[in-house]
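A.B. asks: below: sequence and its predicted model.
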Amino acid sequence: MLDSAVKNSGIAEFIDVNFSVEDIGIFKPDFRVYQLAVDQLNVMSHEIIFQSSNARDASGASAFGFNVAWINRFNQSEERLPGNPDFEIKNLMELQNLIN
């Protein structure tokens with residue numbers, strides 16, 4: 001499902017690899033979901049920047065130990081959950097400034 005979404009969105013050329021909860025049959029915020037990326041990329045959690053427009057996903061990734069960019073397109077209030085995003089941006093164009 002994720003592979004076809006990436007392909008159909010026209011962004012496949014920008015994605016080296018994507019991981020899906022479908023691969024392991026569990027769902028966020030279960031920490032095993034985030035551990036999948038750590039294991040597959042062979043890096044430490046703090047070396048990953050996780051991006052999401054979903055505040056709950058951002059919170060879960062932050063609680064796991066990822067650096068998190070919350071794409072807050074609609075100026076939503078922060079969720080009252082463990083973990084806070086490291087960055088809050090309005091759109092994906094702003095992401096480039098975070099990773100350069």
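C.D. replies: All right, it came through fine.
A.B. asks: separation between E88 and A55?
C.D. replies: Remark: distance between E88 and A55 (Cβ to Cβ, to the nearest Å) = 10 Å. Every residue, glycine included, has its C-beta placed from N, CA and C.
A.B. asks: which of the residues in the lowest-mean-pLDDT helix or strand in the chain are buried?
C.D. replies: Counting by mean pLDDT, DSSP states H and E, the chain has its least confident helix or strand at helix 95-99, which shows a mean of 84. Within helix 95-99, no residue counts as buried by 16 or more other Cβ atoms under 10 Å.
A.B. asks: and that helix, C-alpha only, in CSV?
C.D. replies: This file holds the C-alpha atoms of helix 95-99, laid out as CSV (Å, rounded to 0.1, in the frame of the first residue of the first chain):
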residue,chain,number,x,y,z
LEU,A,95,12.0,20.3,5.7
GLN,A,96,15.0,21.0,3.4
ASN,A,97,16.2,23.7,5.8
LEU,A,98,16.2,21.1,8.6
ILE,A,99,18.3,18.5,6.9
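A.B. asks: name the helices or strands packed onto it?
C.D. replies: Packed against helix 95-99 by the contact rule (3 or more Cβ pairs under 8 Å, 6 or more residues apart in numbering; DSSP states H and E) you find strand 49-52, strand 67-71, strand 87-89.
A.B. asks: deepest in the core, which of those strands is it.
C.D. replies: For the helices and strands packed on helix 95-99, the largest average neighbour count (mean count of other Cβ atoms under 10 Å) is found in strand 67-71, namely a mean of 22.
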